[in-house]
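S.K.: Fold the following and give me the result.
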Amino acid sequence: MGVLRHLAGRVWLYPHDPDPARVQGCVAVIADDGGSILVDAGQSPAMARAVRAAIAEAGLPAPRRLVYTHHHWDHVWGACAWPEVEVIGHRSGARILRAEAGRPWSESYVRDLAAANPRMGPSCTARAAAMAGDWDLFSVVVPHTEFDSGLTLPGGVEVRHVGGGHAEDSTVVADPKSGVLLLGDCFYPPPLHLREPGDGMDMALIRRLLAEYPPGRYDWYADSHDDPKPSAALKDFE
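M.R.: A predicted model of the protein is given here:
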């Protein structure tokens, strides 16, 4: 079981797994007395339960809202373990997740996906390992609240659609009170099974976000599958 790391202000992180084969990104918690906000759900119900235990251990307020940074499985498959929270996501991701919710998810179905498309093999292997047989009560949760360009949540947390090559619904979450920008995977290349030669990090998007959420107002920039970066570490991208 992991523990929450305090990043800055009211933002805490449940850590990512540095082994890329496990495909486990971080989950952020923005603590608020009116109800904390989760940013991403984790890659399985088991991970979501571990996050819940870590929130209780840290003495933080229980979450009331969960924001998807995008629709990929490793960011949303834990949501079914949070039945009491409002799930928020971009409209294009909600459309994709409605289709995903209708699939007969199981270990055998994941194996069939890999057999039909060998490029999905690493993803399917990671999915099966993350679920570890925990399929009986699993479901894909479609956002309860959808947005187009963005919205501001109670407590001043800003949610904004940025798109990009990794996922059409990529969304960033900013907490101005804490000086933290949560990036999800927005500047990453497409997933492995969709990646083409020449695909790489979206440096133009990084520079645009740094201009719109500049160092000085923001001290930390956290993506999902790496350690959070202090603003001083990103000076070469300004």
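
S.K.: which residue ranges form the helices in this structure?
M.R.: With helices called from DSSP state H, the chain shows them at 45-58, 73-76, 91-101, 107-116, 121-131, 203-212.

S.K.: Reformat these as JSON lines; add distance to residue 6, mean pLDDT and mean neighbour count.
M.R.: For the C-beta atoms, the positions are set from N, CA and C on the backbone; glycine is no exception. Shown next, in JSON lines, are the helices of the chain (distance: least, Cβ to Cβ, whole Å; pLDDT from 0 to 100; neighbours: other Cβ atoms under 10 Å):
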{"stretch": "helix 45-58", "distance to residue 6": "8", "mean pLDDT": "97", "mean neighbour count": "18"}
{"stretch": "helix 73-76", "distance to residue 6": "22", "mean pLDDT": "98", "mean neighbour count": "25"}
{"stretch": "helix 91-101", "distance to residue 6": "29", "mean pLDDT": "98", "mean neighbour count": "17"}
{"stretch": "helix 107-116", "distance to residue 6": "36", "mean pLDDT": "97", "mean neighbour count": "14"}
{"stretch": "helix 121-131", "distance to residue 6": "26", "mean pLDDT": "97", "mean neighbour count": "19"}
{"stretch": "helix 203-212", "distance to residue 6": "23", "mean pLDDT": "94", "mean neighbour count": "15"}
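
S.K.: Can you tell me which of those is nearest to residue 34?
M.R.: helix 45-58 (15.1 Å; Cβ to Cβ).

S.K.: Present the helices of the chain as a markdown table; the columns should include distance to residue 34.
M.R.: As requested, the helices of the chain are exported to a markdown table (distance: least, Cβ to Cβ, whole Å):
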| stretch | distance to residue 34 |
| --- | --- |
| helix 45-58 | 15 |
| helix 73-76 | 24 |
| helix 91-101 | 25 |
| helix 107-116 | 38 |
| helix 121-131 | 31 |
| helix 203-212 | 27 |
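
S.K.: which stretch among these comes nearest residue 33?
M.R.: Nearest to residue 33, of all the helices of the chain, is helix 45-58, at 13.8 Å by Cβ to Cβ.

S.K.: residues making contact with that closest one?
M.R.: 1-4, 12, 14, 24, 27, 29, 36, 38, 41-42, 62-63, 77-82, 130-132, 134, 137-138 (Cβ atoms under 8 Å, 6 or more residues apart in numbering).

S.K.: Generate the ChimeraX command that creates a selection of the buried members of those residues.
M.R.: Selecting only the buried entries of the contacts of helix 45-58 in ChimeraX, with 16 or more other Cβ atoms under 10 Å as the criterion:
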select :2,4,12,14,24,27,29,36,38,41,42,63,77,78,79,80,81,82,130,131
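
S.K.: coming back round to it: who wins for proximity to residue 171 among the helices of the chain?
M.R.: helix 91-101 (7.9 Å).

S.K.: Show me what that closest one is packed up against.
M.R.: Secondary-structure packing of helix 91-101 (3 or more Cβ pairs under 8 Å, 6 or more residues apart in numbering; DSSP states H and E): strand 145-147.

S.K.: Which positions within the strand it packs on qualify as buried?
M.R.: Buried, per 16+ other Cβ under 10 Å, within strand 145-147: 146-147.

S.K.: That strand pairs with which strands, and in what direction?
M.R.: strand 86-90 (parallel) (DSSP bridges).
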